[in-house]
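>>> Sharing a model prediction with you, sequence too.
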Amino acid sequence: MKIVLYAVWALFAVGITLTLIHQFRKSMRHEKLIASWPKVRATVTGSVAGWSNGGGSGERSRRFFATYQFADPYGTLFAGESEVSNANPPMPGSFVEVAYNPVNPVQSFEVQNGSTTMLGIAAAVFAGVLAGMFVFIGVLTG
């Protein structure tokens with residue numbers, strides 16, 4: 001029984017670790033990509049409503065994603081939709097910082113700081129949970 005519990009724990013630990021590594025690398029690639037792109041202040045034109053996934057057994061909640069419009073140095077207007085969710089709909093006319101691809105300005109992202117910090121905090125929390133589970137298995141199977 002003890003071996004089975006430790007095997008399940010190990011599979012869970014490997015799964016969490018691989019997921020965190022994948023998300024961290026994806027976030028770093030994204031931040032590195034937009035670091036060299038020009039940044040502009042975009043005007044919020046409205047929002048698109050969506051739902052959060054609820055995370056585990058949590059309840060789903062209504063989320064809002066800003067739609068925005070910005071101009072390149074030549075004055076051409078481009079529109080985009082943020083991937084950053086908010087609990088309240090953004091106020092039309094407010095501003096968000098946007099990084100856009102100079103080769104293809106249709107590709108743009110709202111600049112979001114701290115995504116790798118959040119992944120670091122999540123990694124620390126999961127490390128604590130995994131350590132607690134490891135100790136609990138040892139106490140449970142004595």
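Received, thanks.
>>> Give me the mean pLDDT for the host helix or strand of Gly15.
For Gly15, the element it lies in under DSSP states H and E is helix 2-35. Confidence for helix 2-35, expressed as mean pLDDT, is 90.
>>> And the next helix or strand past it?
strand 39-51.
>>> Low-confidence regions, the chain specifically.
Low-confidence segments of the chain, defined by pLDDT under 70, are located at 53-58, 113-115.
>>> go again using 80 as the cut-off
52-60, 112-118, 142 (pLDDT under 80).
>>> measure stretch 93-104 end to end?
25 Å (Cα to Cα, to the nearest Å).
>>> swap that for stretch 46-62, please
16 Å.
>>> What is the neighbour count of Lys39?
A count of nearby residues for Lys39, using other Cβ atoms under 10 Å, gives 14. Just so you know, the C-beta spots here come from the backbone N, C-alpha and C atoms, and that holds for glycine as well.
>>> And it, how far from Val8?
46 Å (Cβ to Cβ, to the nearest Å).
>>> And Leu20, by the same measure?
Leu20 sits at a distance of 19 Å from Val8 (criterion: Cβ to Cβ).
>>> for Met91, same thing?
48 Å.
>>> My guess is Ala13 contacts Leu130. True?
Yes. Contact status for Ala13 versus Leu130: in contact at 5.2 Å, counting by Cβ atoms under 8 Å.
>>> Need the overlap of contacts for these two.
Contact criterion Cβ atoms under 8 Å, 6 or more residues apart in numbering; no residue bridges Ala13 and Leu130 by contacting each.
>>> Comparing Leu20 and Val8, which shows the higher neighbour count?
Between Leu20 and Val8, counting by other Cβ under 10 Å, Leu20 is the more crowded of the two (16 against 12).
>>> Might you report the residue contacts of that one?
By Cβ under 8 Å, 6+ apart, the contact list for Leu20 reads Leu119, Ala122, Ala123, Phe126.
>>> Can I take it that the last one is in a strand?
No. In this structure, Phe126 is helix, not part of a strand, as judged by DSSP: H, G, I helix; E, B strand; the rest coil.
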